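> give me a model of this one.
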Amino acid sequence: MAWELVIWLISVALFLVLLSQRYWEPRLPFWLRAVRESPLSWYLIGFPLTVCRMRFTWRRLCQNTDLSVVRRSRYTAVNRDMLITGTPIRPIPPRLGLVRPTPTGFTARVHLHPGQTPAQFSAHADAFVHAWRIHSIRIISTKRGAIVMIATVRDPLADSAAWRKFPAARLMAATVGLIADGSAWVMDFRAVPHWLVTGATQSGKSTLLASLVTSLGAQPVAILGIDCKGGMELGLFEERLSALATTRAEAIDLLHTVVDDLVRRMALCREAGARSIWQLPDDERPAPVVILVDEIAELYLGGADSAGRKEAVECSTLLLRIAQLGAALGVHLVIAAQRFGSDLGPGATALRAQLGGRICHRVNDETTAEMTLGDLSPDAVVVAQAITEEEKGIAVTTIGGQWTRARSTLVTPDQAREHAAANSHLTPAIGISALIPGSGPGGTDE
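Numbering: from 1, shown residues only. Model prediction:
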């Protein structure tokens, strides 16, 4: 009886220790937490254990998810005085290739059976996640007859300050956060000239724009803002902006100025025999321009009166012309919207075709997710719709022709004002700001 009591007390003590994990784990010594969270511990301990778990569960997992192919073989057996013939069923799983570690997880190639498609494996991604005890897994197809599993063992997007370890991006490339593999989320306007950003209220859309302005503001780039909500969002960066339009009438004047500047840039490139401003000498190249439009619906919805409808059509035409001509001339668009669909008019669909970069936060309707990511991948639409209200700043975006989850860096209003004041001297005094008298701290009347 005494031994049973001792064993019972030990069991209760172990249970209480495990129950209090949330209490003692944050109080571990710094060096012990660093060892547990270091990449070395993953490569030496975590990865070998995960590979063993994968190899041990692969056959049973494929059988339970109907990913195995049944192979039948004819046989004959004699049991006493009876002759038995039949076809035994033998499930054969797809061949799991070499598993390679990455800093945040692993990649594995799977060779498919004839008739199998990547969609069958994507449909059972949750089964792989739970069986292998990892954070997430993504299925991509790099060649016919095979798929690549890209897995992460922990959520790399949970560390909101991890982006600070990455070096500064090149000119016209902004580091705005992290992507799902733990690397930097970079919006490169030289590679992808125009972007569409969608998301419901409180989904992180404004946070992304603030992070974008913060990163681009440290470069000699002219940033123009169109914020028809009275400048509540982009007004925080007004010291750094070359111009800020807060009404539709002001936006039309600003867009007309940009179009006029595009004509001048075309003439400059033609005289120099260049196909883009990036082929011009540094001292002759006009300043790159990024136009941020916060809530495109305020420009596209005309209202009941004819004047309003005329302004909406004019805004649509000007934005479409800038999107068609601006890539080679160093003028780029970032269009943000809570909802983006054909109900905004035919101009919205035409503009969407010019916006190669896509970012979709949590949305309230399937149409917006479909308009943002539908032409990229059906899987991306499903993943975007699965973003919950608790996942602030999480989005699905395009990276190198593939989609991935990403999280933008949080920039507080105080940080936004401090950044604008600290980098106001970088606002170009030439280029677009020179065409708008008195606009921005670097604007001139010349």
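> point to the residue nearest the middle of the chain.
Nearest to the geometric centre of the chain sits residue 397, at 3.0 Å (C-alpha atoms, centre = their mean).
> please name the residues that touch it.
Residues counted as contacts of residue 397 (C-beta atoms under 8 Å, 6 or more residues apart in numbering) are 179, 185, 357-360, 403-404, 406. Bear in mind the C-beta positions are built from the backbone N, C-alpha and C, glycine included.
> run through the bridge partners of it.
According to DSSP bridges, the residues that bridge with residue 397 are residue 359, residue 404.
> most neighbours out of the contacts of residue 397, which is it?
residue 360 (30 neighbours; other C-beta atoms under 10 Å).
> correct me, but it touches residue 373?
Yes. Using C-beta atoms under 8 Å, residue 360 makes contact with residue 373 at a distance of 5.4 Å.
> please enumerate the shared neighbours of these two.
380, 384, 396.
> what would those residues look like in JSON lines with neighbour count, distance to residue 118 and pLDDT?
Output for the shared contacts of residue 360 and residue 373, formatted as JSON lines (neighbours: other C-beta atoms under 10 Å; distance: C-beta to C-beta, whole Å; pLDDT from 0 to 100):
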{"residue": "380", "neighbour count": "23", "distance to residue 118": "14", "pLDDT": "82"}
{"residue": "384", "neighbour count": "28", "distance to residue 118": "19", "pLDDT": "85"}
{"residue": "396", "neighbour count": "28", "distance to residue 118": "18", "pLDDT": "89"}
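> check which helix or strand residue 351 maps to.
Secondary structure from DSSP states H and E places residue 351 in helix 346-354.
> for residue 109, see how far away the residue lying closest to residue 118 once chain neighbours are set aside is.
Ranked by C-beta to C-beta, 6 or more residues apart in numbering and with sequence neighbours excluded, the top spatial neighbour of residue 118 is residue 141, at 4.4 Å. Shown here: residue 141 relative to residue 109, a distance of 11 Å by C-beta to C-beta, to the nearest Å.
> any common contacting residues for those two?
What both residue 141 and residue 109 touch, as defined by C-beta under 8 Å, 6+ apart, is the set 147-148.
> the helices in the stretch 301-446 of the chain, which residues?
Taking DSSP state H, counting those that start in this stretch as the criterion, the stretch 301-446 of the chain contains helices spanning 306-329, 346-354, 366-373, 378-385, 413-422.
> now the last one: mean pLDDT?
Averaged across helix 413-422, pLDDT comes to 86.
> from residue 250, how far out is residue 312?
15 Å.
> just the helices in the stretch 151-300 of the chain please.
205-216, 248-272, 297-300.
> from the chain's centroid, how far away is the last one?
Think helix 297-300. Centroid displacement of helix 297-300 relative to its chain, using C-alpha atoms, centre = their mean, to the nearest Å, is 25 Å.
> what does that helix rub up against?
So helix 297-300 is contacted by 226, 228-229, 248, 251, 293, 312, 315-316, 319, 337-339, 344-345, 347-348 (C-beta under 8 Å, 6+ apart).
> now the residues you listed: which count as buried?
226, 228, 248, 251, 293, 312, 315-316, 319, 337-339, 344-345, 347-348 (16 or more other C-beta atoms under 10 Å).
> which of the residues you listed sits closest to residue 173?
Distance to residue 173, by C-beta to C-beta, is smallest for residue 293 among the buried ones among the contacts of helix 297-300, at 20.3 Å.
> so what sits opposite the closest one in the bridge?
When bridges are called by DSSP bridges, residue 293 pairs up with residue 226, residue 335.
> gap between the two ends of stretch 277-290?
14 Å (C-alpha to C-alpha, to the nearest Å).
> so how far is it off the chain centroid?
Centroid displacement of stretch 277-290 relative to its chain, using C-alpha atoms, centre = their mean, is 28 Å.
> same deal with stretch 298-308?
Worked out by C-alpha atoms, centre = their mean, stretch 298-308 lies 32 Å from the chain centre.
> ok, the residue nearest to residue 318 when sequence neighbours are not counted - contacts?
Leaving aside its chain neighbours, residue 318 sits nearest to residue 255 (3.9 Å; criterion: C-beta to C-beta, 6+ apart). Contact partners of residue 255, counting by C-beta under 8 Å, 6+ apart, are 315, 318-319, 322.
> re the thing from before, pick the one among the buried ones among the contacts of helix 297-300 closest to residue 237.
residue 226 (12.8 Å).
> wait, that closest one touches residue 318, no?
No. Residue 226 is beyond contact range of residue 318, at 10.8 Å (criterion: C-beta under 8 Å).
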